[in-house]
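Asker: sequence below, structure please.
(one chain, ligands or ions: 1)
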Amino acid sequence: MRLRGELQFPGDKSISHRVLIAGALAHGKSFFTNCATGLDVKSTAACLRQCGIELDLRCSVGTVTGGEFKNPLMALHCGNSGTTARLLTGLLAGQHIQAELTGDVSLSDRPMGRVLHPLRIMGADVHATNRKLPLKIRSAPLKGISYTLPVPSAQVKSAILLAGLGAEGQTVIFSPLPSRDHTEIMLKQSGVNIEIRQQKIILSPGTGELEPFKMDLPGDPSTASFFAAAAAVLPGSELFLKNILANPSRIGFFEILRKMNAGLEWLEIREDRGEKVGDLRVQSGTLQGVEIGEAEIPALIDELPILAVLATQAVGKTVVTGAGELRVKETDRIRAISENLKKIGGDIEELPDGFIISGPSQLHGGEIKTYGDHRIAMAFSVAALLSGGPVRLDDEACIDVSCPEFFQLIRKACN
Ligand code: S3P
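Answerer: Residues are numbered from 1 along each chain as shown. Model prediction:
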């Protein structure tokens with residue numbers, strides 16, 4: 001089997017959440033196309049609607065009309081989406097809203113203390129037993145803070161910035177390690193007084209109202225990575241991945257692919273609303289193992305499950321360290337990767353903050369436990385393409401969290 005042809009991807013999930021939020025804060029109507037169609041973004045849309053925001057989202061096209069936020073009558077269900085829960089906590093605290101946030105079983109077990117802590121320093125009245133959902137927000141006046149991020153998390157950074165929009169005075173965030181910067185880019189594009197430096201962001205809130213916008217969202221590089229990985233391994237493959245978000249904080253996986261010896265070339269880079277976008281050509285190669293450390297992790301954090309699958313096909317050892325954050329994603333991804341790879345013939349050693357994989361291994365069939373995690377399910381769907389026997393997932397539906405189009409795209413690429 002080989003993958004060939006041209007693929008277009010649904011819009012980037014991180015940017016999709018932020019488009020809805022920025023639109024909700026804007027003075028007027030914003031228009032967007034190629035929004036992500038997965039359940040996570042739908043959760044953000046539904047929560048914003050419950051807060052009185054007029055939002056129309058059909059497939060990937062929609063509009064959002066900014067307006068005054070209202071106290072929701074019922075709890076806001078964030079589904080499986082950590083981005084929804086964390087960004088909305090900051091946003092709603094900044095809009096002085098009273099709300100309760102809940103989530104599914106997986107989200108209810110993820111740490112919220114990382115956003116509660118800085119928001120409380122800002123004066124927010126936010127409570128969650130054991131620092132996990134359900135979480136309650138009550139209206140309180142906020143003041144700006146200077147805060148150093150203890151983890152390189154874009155969700156934490158974004159929660160503080162969104163709260164900062166409704167705070168008195170400047171909010172300054174120091175980030176020792178960079179993380180995805182879509183929130184600050186979008187705020188700047190929307191006319192907010194925000195200064196973005198290498199390790200420091202300074203937000204000076206004005207009226208709190210943003211400018212409305214039009215945006216055609218770039219394809220999600222995290223979704224594209226599954227296809228790039230399969231093309232890198234399967235001999236004779238050549239894929240053109242069109243209109244992919246090429247923001248440097250998101251393309252670490254493609255750089256690693258190149259280091260591993262896959263054919264990889266960005267064909268054209270352009271810019272739209274402050275975000276770099278490009279077309280990417282990926283060709284198969286004889287892959288070599290690589291070492292990836294803490295500094296490289298944030299730019300490929302969501303791609304580590306597929307990188308692990310890829311590493312089983314590379315010659316030599318692939319060593320990933322400094323990725324302890326994987327243990328608090330939709331599931332403990334280090335455990336899920338390790339347990340499942342072993343079942344289908346991978347040679348993996350689990351580390352507290354990563355893994356060591358020795359390759360190449362001939363993968364065989366097996367039963368995969370996804371733990372309802374969309375990226376585990378997609379990574380092992382790619383493993384199925386590379387293996388000599390049937391690989392069965394206990395839950396394919398969880399892929400709808402980020403990319404309901406996944407199998408359709410796989411079928412297109414396999415033709
Ligand atoms: C995201 C940030 C990352 C990433 C997640 C989406 C975002 O999480 O893993 O899938 O949209 O801000 P952290 O902020 O926890 O690193």
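Asker: which stretches in the stretch 1-150 of the chain count as strands?
Answerer: Using DSSP state E, counting those that start in this stretch, the strands assigned to the stretch 1-150 of the chain run over residues 4-8, 29-33, 54-58, 61-65, 76-77, 99-102, 125-128, 135-138, 142-143, 146-148.
Asker: closest to Ala224 out of those?
Answerer: Ala224 lies closest, by CB to CB, to one member of those: strand 4-8, at 7.6 Å. Any C-beta I mention is one placed from the backbone N, CA and C, and that applies to glycine too.
Asker: and that closest one, what does it pack onto?
Answerer: If contacts are counted by 3 or more CB pairs under 8 Å, 6 or more residues apart in numbering; DSSP states H and E, strand 4-8 sits against strand 238-245, helix 406-414.
Asker: what are the pairing partners of that strand, and which direction each?
Answerer: Applying DSSP bridges, strand 4-8 is found paired with strand 238-245 (parallel).
Asker: for the next helix or strand after the strand it pairs with, buried residues please.
Answerer: Next helix or strand after strand 238-245 toward the C-terminus (DSSP states H and E): helix 252-259. Neighbour counts using 16 or more other CB atoms under 10 Å place 252-254, 256-257 of helix 252-259 among the buried residues.
Asker: could you export helix 252-259 as CSV, CA atoms only?
Answerer: Listed in CSV are the C-alpha atoms of helix 252-259, where the atom choice follows Å, rounded to 0.1, in the frame of the first residue of the first chain:
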residue,chain,number,x,y,z
GLY,A,252,7.8,20.4,15.3
PHE,A,253,6.5,17.0,14.0
PHE,A,254,7.3,17.8,10.4
GLU,A,255,10.8,18.9,11.4
ILE,A,256,11.3,15.6,13.2
LEU,A,257,10.0,13.8,10.1
ARG,A,258,12.7,15.5,8.0
LYS,A,259,15.4,14.6,10.7
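Asker: what about that helix, average pLDDT?
Answerer: Mean pLDDT, helix 252-259: 98.
Asker: quick one: the helix or strand just after that helix to helix 252-259, angle?
Answerer: Sequence-wise, the next helix or strand downstream of helix 252-259 (DSSP H and E) is strand 263-272. Relative orientation of strand 263-272 versus helix 252-259 (axes from the mean of the first three to the mean of the last three CA atoms, to 10 degrees): 150 degrees.
Asker: for the nearest residue to Val315 once chain neighbours are set aside, the count of nearby residues, please.
Answerer: Nearest-residue entry for Val315: Gln288, 5.5 Å, with adjacent residues in sequence omitted and distances by CB to CB, 6 or more residues apart in numbering. When neighbours are counted by other CB atoms under 10 Å, Gln288 registers 15.
Asker: quick check on Gln288: phi, psi?
Answerer: Dihedral pair for Gln288: phi -120, psi 150, per degrees, to the nearest 10.
Asker: thinking again about what came up before, what's the closest of the strands of the stretch 1-150 of the chain to the ligand?
Answerer: strand 146-148 (14.7 Å; CB to the nearest ligand atom).
Asker: by contact count, what packs against the very next helix or strand once past the closest one?
Answerer: In the C-terminal direction, the helix or strand that comes right after strand 146-148 (DSSP H and E) is helix 154-164. On a contact count with 3+ CB pairs under 8 Å, 6+ apart, helix 154-164 meets helix 13-25, helix 82-94, helix 113-121, strand 171-174, helix 182-189, strand 200-203.
Asker: again, only this time at 6 Å
Answerer: Applying 3 or more CB pairs under 6 Å, 6 or more residues apart in numbering; DSSP states H and E, one finds that helix 154-164 makes contact with helix 82-94, helix 113-121, strand 171-174.
Asker: for the ligand, see how far away the residue nearest to Val315 is.
Answerer: As judged by CB to the nearest ligand atom, to the nearest Å, Gln288 and the ligand stand 26 Å apart.
Asker: go ahead and confirm that residue touches Gln313.
Answerer: No - with contact defined as CB atoms under 6 Å, Gln288 does not reach Gln313; the gap is 10.5 Å.
Asker: re earlier: need the buried residues of helix 252-259 in TSV (columns: distance to Val105).
Answerer: Output for those, formatted as TSV (distance: CB to CB, whole Å):
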residue	distance to Val105
Gly252	30
Phe253	28
Phe254	33
Ile256	32
Leu257	34
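Asker: redo those as a markdown table? Include distance to the ligand.
Answerer: Below are the buried residues of helix 252-259 laid out as a markdown table (distance: CB to the nearest ligand atom, whole Å):
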| residue | distance to the ligand |
| --- | --- |
| Gly252 | 12 |
| Phe253 | 12 |
| Phe254 | 17 |
| Ile256 | 16 |
| Leu257 | 19 |
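Asker: near the ligand, which residues of this structure?
Answerer: Residues of the chain lying close to the ligand by CB under 6 Å from any ligand atom are 14, 83, 153-155, 158, 179-180, 301-302.
Asker: dump those to a markdown table, plus pLDDT, neighbour count and distance to Arg281.
Answerer: Output for those, formatted as a markdown table (pLDDT from 0 to 100; neighbours: other CB atoms under 10 Å; distance: CB to CB, whole Å):
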| residue | pLDDT | neighbour count | distance to Arg281 |
| --- | --- | --- | --- |
| Ser14 | 98 | 28 | 24 |
| Thr83 | 98 | 22 | 30 |
| Ser153 | 97 | 23 | 32 |
| Ala154 | 98 | 25 | 28 |
| Gln155 | 98 | 23 | 32 |
| Ser158 | 98 | 29 | 32 |
| Ser179 | 97 | 20 | 28 |
| Arg180 | 98 | 26 | 24 |
| Ile301 | 98 | 22 | 24 |
| Asp302 | 98 | 25 | 22 |
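Asker: Leu280: which of the residues you listed is nearest?
Answerer: Comparing the residues of the chain next to the ligand against Leu280 with CB to CB picks out Asp302 as the nearest, at 16.8 Å.
Asker: could you pull up the residues touching the closest one?
Answerer: The contact partners of Asp302, taken as CB atoms under 6 Å, 6 or more residues apart in numbering, are Ser222.
Asker: one more pass at 7 Å, please.
Answerer: If a contact means CB atoms under 7 Å, 6 or more residues apart in numbering, then Asp302 has 222, 375 as its contacts.
Asker: please apply the same query to Ile297.
Answerer: Neighbour list for Ile297: 322-323 [criterion: CB under 7 Å, 6+ apart].
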